[in-house]
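> Fold the following, please.
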Amino acid sequence: MKLLIGGYTKKKATGIYELPLANSNENSQPEVGSAKEIIKIGGPTYFVQDNDLLFTINNAGNQGGISSFQLLKGKYLEKDSYLTTGSSPAYIGINQENKLLYSANYHTGLLAVFSYDNNGTLKLLASLTHTADSLGPRPEQVDGPHPHFFDQTPQKNLVSCDLGNDCVDFYSLENNQLKHLAKYQNEAGFGTRHLVFSPDGQYFYVVGELASKINVVKLDEKNWSFENIATYSTIPTDYSEHNGAAAIRMSNDGKFIYVSNRGHDSITVFLVKADHTLELQQRISTFGEFPRDFNWDNDQKLLVATNQNTDNATLYTRNAENGCLTPIQKNIYIPEGTCVLFDE
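Residues are numbered from 1 along each chain as shown. Here you go, the predicted structure:
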């Protein structure tokens, strides 16, 4: 097993790195080895995989977009790129079944859908640009829409999170055109960033970066009705310094939700109760600064958090019964890490 970690390339980093992950001889616990560069590219802050193909955000100077790479004879070779003048996207999602990619551009407000083939060839299918419909009051919002997430829903529609407009938008993809279906409005200043759906597809949990909160919402994806269930803080009530909530993930069994906090520098674990309300289970340090992302292996027994500002990552074990994390390796060197994948 190995880790793939990428991020910003503003200081020391130069692309995407591979880190071996194996049991150590001393205590039979998993241990992460040294990082080595496997793809040289600018700003791979988010990337996804489909077998031997890897699709990543590419910040190519005055251009930005996505690029594809294919693993051939142990090396990643660049296959294709789709770049346009301006900033690179903030997010890339994947539909492996239909060979589709979804990108959200925080700076330009653009949502885009691409197709790809077995050789990694990219084709733009559809796009649209968010407008300033419901801008929030915070400084990060007043300059315009900021879509931060774009991916598929349980019913195979598409969904975006817009930090500037404080909203979740739903779309269909019909005849290579994006059609707006519905909108859920978060509270002003929420800073809608990312979301996850419950296993039954009837609820979503959306994280507000600027408010450091999670909003639980009941969803009827056929009639497009929404019910605001509850909202919870991801940080302690007595914490007064700056914080930005970032990544959100739900365990496969739907019992636990995890959120990273940049500023408080922690991962907050919530128990999902039978009525889909949440109960705080744990807050644990990421042992570094600015954890933009974290991820787990297929069995969800191991979790790695990347600390962007301190160039390090932390490895945890996860207890499936109570959801709690236990750190087993700290200070794993990785420069400017913001995205982590387990490659098994």
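> Only C-alpha atoms from now on, for both contacts and neighbour counts.
Fine.
> following the one helix or strand residue 245 maps to, which helix or strand comes up?
Secondary structure from DSSP states H and E places residue 245 in strand 244-250. Next along the chain after strand 244-250, taking DSSP H and E as the criterion, comes strand 256-262.
> starting at the chain centroid, how far to that following strand?
Offset of strand 256-262 from its chain centre (Cα atoms, centre = their mean, to the nearest Å): 11 Å.
> The residue nearest to residue 316 when sequence neighbours are not counted: what's it in contact with?
Distances taken as Cα to Cα, 6 or more residues apart in numbering put residue 327 closest to residue 316, at 4.2 Å, once the chain neighbours are dropped. Taking Cα atoms under 8 Å, 6 or more residues apart in numbering as the criterion, residue 327 is in contact with 314, 315, 316, 317.
> Report the rounded mean pLDDT for the strand holding residue 245.
The average of the pLDDT scores along strand 244-250 is 98.
> other SSEs contacting that strand?
In terms of contacts (3 or more Cα pairs under 8 Å, 6 or more residues apart in numbering; DSSP states H and E), strand 244-250 is packed against strand 192-197, strand 203-208, strand 256-262, strand 293-296.
> Need those in CSV (columns: mean pLDDT, distance to residue 61 and mean neighbour count).
Formatted as CSV, the helices and strands packed on strand 244-250 follow (pLDDT from 0 to 100; distance: least, Cα to Cα, whole Å; neighbours: other Cα atoms under 10 Å):
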stretch, mean pLDDT, distance to residue 61, mean neighbour count
strand 192-197, 98, 25, 25
strand 203-208, 98, 30, 25
strand 256-262, 98, 26, 26
strand 293-296, 97, 24, 24
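> a markdown table please, covering these and showing distance to residue 271.
Shown next, in a markdown table, are these (distance: least, Cα to Cα, whole Å):
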| stretch | distance to residue 271 |
| --- | --- |
| strand 192-197 | 14 |
| strand 203-208 | 13 |
| strand 256-262 | 5 |
| strand 293-296 | 17 |
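> So for residue 125, which of the ones you listed sits nearest?
Ranking the helices and strands packed on strand 244-250 by their distance to residue 125 (criterion: Cα to Cα) puts strand 192-197 first, at 23.2 Å.
> Just list what that closest one packs against, helices and strands only.
Using 3+ Cα pairs under 8 Å, 6+ apart: strand 192-197 touches strand 147-152, strand 158-162, strand 203-208, strand 244-250.
> Only the buried residues of the longest one, if you could.
Burial within strand 244-250, assessed by neighbour count using 16 or more other Cα atoms under 10 Å, is assigned to 244, 245, 246, 247, 248, 249, 250.
> repeat for stretch 326-341
Buried-residue list, stretch 326-341, by 16+ other Cα under 10 Å: 327, 329-341.
> and which of the residues you listed is nearest residue 179?
The nearest one, if we look at the buried residues of stretch 326-341 relative to residue 179 and count by Cα to Cα, is residue 339, at 29.8 Å.
> rewinding a little: quick one: closest of the helices and strands packed on strand 244-250 to residue 286.
With distances scored as Cα to Cα, the stretch of those nearest to residue 286 is strand 256-262 (8.6 Å).
> returning to what we had before: let me have the buried residues of strand 244-250 in JSON lines, extended by distance to residue 274.
Listed next are those as JSON lines, based on distance: Cα to Cα, whole Å:
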{"residue": "244", "distance to residue 274": "28"}
{"residue": "245", "distance to residue 274": "25"}
{"residue": "246", "distance to residue 274": "25"}
{"residue": "247", "distance to residue 274": "23"}
{"residue": "248", "distance to residue 274": "20"}
{"residue": "249", "distance to residue 274": "18"}
{"residue": "250", "distance to residue 274": "15"}
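> for the stretch 1-150 of the chain, what spans make up the helices?
The residue ranges that make up helices in the stretch 1-150 of the chain, judged by DSSP state H, counting those that start in this stretch, are empty, as it has none.
> about what we covered before: hmm, who's touching the strand holding residue 245?
Under the contact criterion Cα under 8 Å, 6+ apart, strand 244-250 has outside partners 193-198, 207-213, 234, 256-263, 291-295.
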